[in-house]
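Participant: Build the 3D model from these lines:
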Amino acid sequence: MGLSRVQNNTDLSEHGGPYCFRPNYVKGHITMKPPFKPSSILTAILFTLFANVLFSQEPPQRWTPEFMIKFKRVGGVAISPDGKSVAYTISTPMMEGEKSEYVAQIWIASADGKSNLQYTFAEKSCSDPAFSPDGKYVSFLSSRGTDGKNQLWVLRLSGGEAEQLTTSQTGVSSPQWSKDSRRLAFLAPDPAGEQEEKDKKEKRDMTVVDTDFKFAHLYVTPLEKDKKGIRKVQRLTGGNFHITSFDWSPDGKEIVFAHVANPGADVWTTSNISVVPSDSGKVTLLVDWKGSDASPRFSPDGKSIAFSSDGGDPKWAGTADMYIMARNDRKPRKLGETFDRNGVFVDWSGDGKELYVNETEKTSTRALAVPVDGGRPRVITTGAANYGSISYSQDGMMMAFVRQTPEEPPQVFVSATRSFEPRRLTSINAEFTKLPFGKTETVQWKSKDGRVIEGLLTFPVEYIKGRRYPLILNIHGGPTGVFTQNFTGTGSIYPLQAFAQEGFAILRPNPRGSGGYGREFRFANYEDWGGMDYEDDMTGVEKIIEMGIAHTDSLVVCGWSYGGYMTSTIVTKTKRFKAASVGAGVTNLVSFTGTADIPSFLPDYFGGEPWDRLETYLKHSAMYNVKGVSTPTQVIHGLSDVRVPPSQGYEFYNALKPQGCATEMIVYPRTPHGPQEPKFIDDIGKRMIAWFNKHLGRKRDSASVGPK
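Facilitator: Numbers count the residues shown, from 1 in each chain. Below is the predicted model:
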């Protein structure tokens, strides 16, 4: 959580995502699982031939932002209850003409690797696939209907067209099957009332801040229509609370859910847990500790409920331990602590003896099993890699996931949970393995106070030992973000392999305050932003120079969100860098606290409000230390950013100009805290490379590295 918790679920702790060029798919939906209909066979053949022609291009000669933006995103993994099939999504960008958006489609692979077929071909995204417990259906979300809202759809796996189940005015989210496969529950925000709609039409739609929230509430729909051919959607909850997650009881009689005071990003400390009958009735509060109590799930026998919690000690740097309680006694018991104490609860084991949790450990994201008897958690996944989008079979014996490393693109794998032996099911983005990589290594160094700091170093493509190269210091967001073993060839606002192709080495440090290194490390930058975390970054730069890799006079720095904060702070502290790029950076802690959607964030980190600790806020703000900055600084911001409002970028840019400091500011319309449109992401990478090369006095022969 923190600055890197961004709109539209963009994760800026790793800066960006994979994209790829997309053919113009045929509108509609077909299935591709035997027995095939003749029309389905013909459509599949024609589509395959078209795709082969479209993608039979000359292999790329070098890494560039425009090549990398074609990378396909892989995610949304869901394993079937019997562990024999895996559904997942592949997202590709549409960048032709007026379009700049991502489209996700659903694929299903057999766990034995014998089949792997695309199941949706709509012009709009199809996401969140989930198998029904009886294995007969796959549900998903899509805005393919005429209303443009995400609605719930189901597809019978034995054949036929997908069928739309909901027609919510506001769209739906988070669908989940009941255990008997007869019903689906989902969340939907409250719709606008009749008077609201009238006021909007008459231009009387003024609002009072922090009122008239659109709360997300629970609804249930049957899978089958009644005798009149109608599916009667039933609303289960109402009132002044906002539901964030839920889970069915095994017998289908109850739904347990987590809820907060309102939909705002600043109220996570109000998260409590309640339960409601699945056929309507009274909501019963189960956990109402101070702080965040979230992600409740029933045990397989329905007698217990597990959830994650900060134990009543809410802090923005975050703590998430696992708790369990009997359904009827409301006396939660804390389980064994994980390495980082910040895991994400995914599921129960089939026998109810363990909880499956995802968590980052240093530079790898892992799957863990936490014993419900209080024993020590065990690691399921092994090796230096990232394991994400993890899904477990009904008995908990099989798991499906996306695995990636800096040189291996994300692929879907399956494995047994007890004997971890990953078996790859997909070969996506094969063209991205044909170019020579700038290799990535984990490096460690001692900071100014002796604390050991770790980071990832990506070498230039075709690196020659003994030759020194320009170095990019790339700082992550958060500040609790962490650089991990993500594939370095993904399309991103920080296109790492394009940097490496341009002859840069890239250091991505995990300074104190980062996630993945334990709770104490994550809290070590409280009341000290831009202090010892600055020393952690700078001693990392010295380490790369000492290794004989980096030029001392060819250093540049960049970062997004908290990384943008650090970049703006660095240029006020040192003139060592030849150029800087501040992405969506917090530059004025005082004005940020008064304008961001998380006004409690900095008071938590700095021990009080700005008016109580004004000297501290000023000391740690780049804006109040900007006099004399001479480092050429590029400022990048989204105009729809409510997490770090664009005024933060304008303040810094307008402070640099009158001082004669070389600067430029690029703003992107429609863009929240995490850039969403592929054309914009491509542009950001190009502009950054051009800015660095210009101020390093480097003339490059590639026409693709500058903005058009």
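Participant: low-scoring stretches of this structure, by residue?
Facilitator: Scanning the chain for pLDDT under 70 picks out 1, 4-59, 700-708.
Participant: where along it do the helices fall?
Facilitator: Using DSSP state H, the helices of the chain run over residues 38-55, 65-68, 194-201, 496-501, 519-522, 532-546, 562-573, 589-595, 601-606, 614-619, 647-656, 678-695.
Participant: so which of the ones you listed comes closest to Val629?
Facilitator: When those are compared by Cβ to Cβ, helix 562-573 sits nearest Val629, at 5.2 Å. All C-beta spots, glycine's among them, are computed from the backbone N, C-alpha and C.
Participant: What residues sit buried inside that closest one?
Facilitator: For helix 562-573, a neighbour-count test (16 or more other Cβ atoms under 10 Å) marks Tyr562, Gly563, Gly564, Tyr565, Met566, Thr567, Ser568, Thr569, Ile570, Val571, Thr572 as buried.
Participant: Equivalent analysis for stretch 352-362, please.
Facilitator: Buried residues in stretch 352-362 (16+ other Cβ under 10 Å): Gly352, Glu354, Leu355, Tyr356, Val357, Asn358, Glu359, Thr360, Glu361, Lys362.
Participant: Now do the same contact list for Phe420.
Facilitator: Ile380, Thr381, Thr382 (Cβ atoms under 8 Å, 6 or more residues apart in numbering).
Participant: Can you say which of those are buried?
Facilitator: For the contacts of Phe420, a neighbour count by 16+ other Cβ under 10 Å gives the buried set as Ile380, Thr381.
Participant: re the thing from before, out of the buried residues of stretch 352-362, flag the one nearest to Val582.
Facilitator: Out of the buried residues of stretch 352-362, the member with the shortest distance to Val582 (by Cβ to Cβ) is Thr360, at 25.8 Å.
Participant: Now do the residue lying closest to the closest one once chain neighbours are set aside against Gly396, distance only.
Facilitator: Excluding the flanking residues, the one nearest Thr360 by Cβ to Cβ, 6 or more residues apart in numbering is Gly516, at 3.8 Å. Distance, Gly516 to Gly396, by Cβ to Cβ, to the nearest Å: 25 Å.
Participant: which one of these two has more residues nearby?
Facilitator: Set side by side, Gly516 and Gly396 show more neighbours around Gly516, with 25 against 21, by other Cβ atoms under 10 Å.
Participant: ok, now which ones touch the more buried one?
Facilitator: Gly516 touches Asp340, Thr360, Glu361, Lys362, Thr363, Val482, Thr484, Asn510, counting by Cβ under 8 Å, 6+ apart.
Participant: got a list of contacts for stretch 167-174?
Facilitator: 128, 141, 143, 145, 147, 149-152, 166, 186-192, 214, 216, 219, 245-246.
Participant: Those in strands, which ones?
Facilitator: Counted as lying in strands by DSSP state E, out of these, are Asp128, Leu141, Gln151, Leu152, Phe186, Leu187, Ala188, Pro189, Ala216, Tyr219, Ser245, Phe246.
Participant: possible to save those residues as a markdown table with distance to Thr237 and neighbour count?
Facilitator: Formatted as a markdown table, these follow (distance: Cβ to Cβ, whole Å; neighbours: other Cβ atoms under 10 Å):
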| residue | distance to Thr237 | neighbour count |
| --- | --- | --- |
| Asp128 | 21 | 21 |
| Leu141 | 20 | 25 |
| Gln151 | 20 | 22 |
| Leu152 | 17 | 25 |
| Phe186 | 12 | 26 |
| Leu187 | 10 | 23 |
| Ala188 | 11 | 26 |
| Pro189 | 12 | 18 |
| Ala216 | 9 | 23 |
| Tyr219 | 9 | 20 |
| Ser245 | 13 | 19 |
| Phe246 | 9 | 25 |
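Participant: Ile666 against Ala690, yeah?
Facilitator: No - counting by Cβ atoms under 8 Å, Ile666 does not reach Ala690; the two are 11.2 Å apart.
Participant: burial of the closest residue to Phe692 other than its chain neighbours, as a residue count?
Facilitator: Leaving aside its sequence neighbours, Phe692 sits nearest to Val556 (Cβ to Cβ, 6+ apart; 4.8 Å). Number of residues near Val556 (other Cβ under 10 Å) recorded here: 25.
Participant: Thanks a lot, see you next time.
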